[in-house]
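Peer 1: just the structure for this:
(chains A and B)
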Amino acid sequence: MSSVHLENININFGSIKALSNLNLEIKDGEFFVLLGPTGAGKTTTLRIISGLDKPDSGKIYFDNEEMNEIQPAFRDTSYVFQQYSLYPHYSVYDNLAFPLRSPLRKSDKKTIDDRVLQIARLLKIENKLNNKATQLSGGEMQRVSLGRALVREPNIYLMDEPLSSLDAKLKEELRVELKKIQSDLNATILYVTHDQIEATTMADRIGVLKEGVLTQVGTPQEIYEEPNSIYVANRLGSPKINILENKQIHNSQNSSASYVGIRPEDIKIDQNGSYNVKIETTELLGAETLVSFKSDTINGILLTQENINVGEGDKIKIDINKSKILYFDNNEQRIV
Amino acid sequence: MSEIKIERIKKTFDDFVAVEESDLTINNGEFFVLLGPSGCGKTTTLRMIAGLELPTSGKILLDNEDVTFLRASQRDIAFVFQLFALYPHMNVRNNLAFPLKMQKFSKDEINIRINEVVNLLRIDHLLNSKVSGLAGGDRQRVALGRAIVRRPKAFLMDEPLGTLDAEFREIMCLELRKLHNNINATTVYVTHDQLEAMSMGDRIAVMNEGKILQHGKPKDIYTKPKTKFVGSFIGSPAMNFIPVNHAIQKNQNIIKIDNEEYTVPKFFQNSFSKNNVLGVRPEKMFLSDVKGIPGEVYGSEYLGTRKILTIQSQFGTYKIRVSNDVNITIGTNVKISFDSKSAIIFDSQTDEALQSEFIN
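Peer 2: Down below sits the predicted model:
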């Protein structure tokens, strides 16, 4: 597999700037996730790497080799779409073998057989190999469609929201599987999604895209703990980070800040806390309880793992973990 | 507002029993959730309360008045199907006024009620805006407003948030619950989403195959599920199940897994079979250096404040919830143990939890 490098990529569709000065380095063997809402430029990035779209300017490199003028078929990338598109009249085996039988690749029978079995085993569909593609459940179809990409060893796997049409349970299961397979095969994957959970659970590194601009790149932990803007802080974390005005908090450590961001888990119910608030709602999330609170000066949510014996309407005191407060300036950019 | 009482209600469609004989009391002002997988009878139950479906037998009382055979329109109940269906060509005021105009309220009364609702929902500045131009959150508030402007005796909601993405759903759960606290209307809410149920419900009834399996406060249902189904349906990641391959006697307080003994709350009854199952929540499991079930780390998922580890063992795959500073690579061999004070044993024959000092 290869590393992929994008340098100053720009592309416009009519008057819309789909990508602006995109610089991106995906390392060999890395699981890289581009996270952003619809229209952020995620799919366009995949299409530019695969060669389906041409950038207006900028360079694409695979392992230092420039790809701009190389046709899609010769870039050797492998694409997984959101909607699985299998050959319905083929068996699972033939669907998986199909890319290897391409005249471009000329693999022999034994090689094909070995690889198909290996991937089928990894995806736990080895007992379905003789089924027609139409005789599968939705989850199995998506496994086959992932498998059809994985049988090849291209320069990079490009995955466009492959789990988004699955139900929650299957998603949870396939997330773990896909990450395991990627680390077993040491595969280079560029995976795009709008789902922050998919991003933090699978990625080695995440890139946050906003309106065609890459706003931050880092490990899930870096992005979660050290977001460089309010936008990024809002993208990760469920329940969402509290964004307050700097003047709403007591003894702010940064007088030039306009806003502060506080993760719900960094606010505690504390008898000696310096904020008097009233509980608006409490929501049990399983292992944790979410409490929304309010006073004349401050409102927000906190997350606690402890057993709480207070309820809606109760007056409590809370305290904020000062060392975890994130400060932001007037332009919603982080002040470090 | 009002109390809803269901007495020995039953519904069959030909040979198919949609709802087995059930009793429920939904208290005045309560936010009550009917939770279960599709086909469990939750929507049928709701439709019987609404009067959209007649029960085969049994009674429905609304504030002690027998409404079993009253038409839906005579019950003064608001049924919210989809919170988000608004009339796109009308402005906010007209969307809100619509249900009142249909009921032929006077102009003054309509204005009074609309003002009350927009203040409550903090959308008074939007009264003259077209709904098609509104941001998502505001649209939802208008939709909610349209349901409450009628001031019905009770609200019945059937998966109103079903079509929303996760982020929005989170916001709307909070919004709905806040609204409920303000107006305190008796609400019956149907969903298949356990998180919605837990986060909003004062009480939850878990249904499966036409039966109400358990009802109670979210916390009690979460920590003390009375059947294996309830244990596995509630909670994400799901409850872990570990085989306990021996019979259990009354007064026993030791169980054996993989030749290791664990002290658990004393049992009050014998098990029916020799094959029982221990149910443990992911946050009640931990990695242990001392004793535990041997396994291999298969996945490690970062989720902000926490991490979920997937461990494969001879008994199956388990999920453990750990704090986010636990760094452990895939492939590492570990031992997993559990908080035995909150251990629940399900009898494999009945799928019911054995009564013990912890759960009874």
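Peer 1: tell me the residue of the stretch 51-200 of chain B that sits nearest chain A?
Peer 2: Using CB to the nearest CB, the point where the stretch 51-200 of chain B gets nearest to chain A is B:S199, with a distance of 3.5 Å. For the C-beta atoms, the positions are set from N, CA and C on the backbone; glycine is no exception.
Peer 1: show the subsequent helix or strand relative to the helix or strand containing B:N119.
Peer 2: Secondary structure here is read from DSSP states H and E; on that basis B:N119 sits in helix B:107-121. Tracing the chain past helix B:107-121, the next element assigned as helix or strand by DSSP H and E is helix B:136-148.
Peer 1: all helices for the stretch 251-360 of chain B, in order.
Peer 2: Counting by DSSP state H, counting those that start in this stretch, the stretch 251-360 of chain B yields no residue ranges for helices.
Peer 1: before we move on, back to that, look at the residue of the stretch 51-200 of chain B closest to chain A and report its pLDDT.
Peer 2: Listed pLDDT for B:S199 reads 92.
Peer 1: surely it touches A:L290?
Peer 2: Yes. Taking CB atoms under 8 Å as the definition, B:S199 is a contact partner of A:L290 at 6.9 Å.
Peer 1: between these two, point out the one with more neighbours.
Peer 2: Just comparing B:S199 and A:L290: by other CB atoms under 10 Å in any protein chain shown the higher neighbour count belongs to B:S199, 25 against 19.
Peer 1: next, that one: phi, psi?
Peer 2: With angles defined as degrees, to the nearest 10, B:S199 sits at phi -80, psi -30.
Peer 1: not counting its neighbours along the chain, what's nearest it?
Peer 2: Of all residues beyond its chain neighbours, the one nearest B:S199 is A:E283 (3.5 Å), with distances taken as CB to CB, 6 or more residues apart in numbering or on different chains.
Peer 1: now the one you found: how far from A:P37?
Peer 2: The gap separating A:E283 from A:P37 is 25 Å, by CB to CB, to the nearest Å.
Peer 1: looking at these two, which is more packed in?
Peer 2: Set side by side, A:E283 and A:P37 give different neighbour counts by other CB under 10 Å, the larger being at A:E283 (23 against 13).
Peer 1: so what's that one up against?
Peer 2: Listed by CB atoms under 8 Å, 6 or more residues apart in numbering or on different chains, the contact partners of A:E283 are A:289-292, B:173-174, B:177, B:198-200.
Peer 1: try 7 Å this time
Peer 2: With contacts defined as CB atoms under 7 Å, 6 or more residues apart in numbering or on different chains, the neighbours of A:E283 are A:289-290, B:173, B:177, B:199-200.
Peer 1: pipe these into CSV and attach distance to A:A149 per row.
Peer 2: Compiled in CSV, the contacts of A:E283 are given as follows (distance: CB to CB, whole Å):
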residue, distance to A:A149
A:T289, 41
A:L290, 38
B:C173, 36
B:R177, 43
B:S199, 37
B:M200, 40
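Peer 1: in a markdown table, list those residues along with distance to A:I181 and secondary structure.
Peer 2: As requested, the contacts of A:E283 are exported to a markdown table (distance: CB to CB, whole Å; DSSP: H, G, I helix; E, B strand; the rest coil):
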| residue | distance to A:I181 | secondary structure |
| --- | --- | --- |
| A:T289 | 36 | strand |
| A:L290 | 34 | strand |
| B:C173 | 34 | helix |
| B:R177 | 40 | helix |
| B:S199 | 34 | helix |
| B:M200 | 37 | helix |
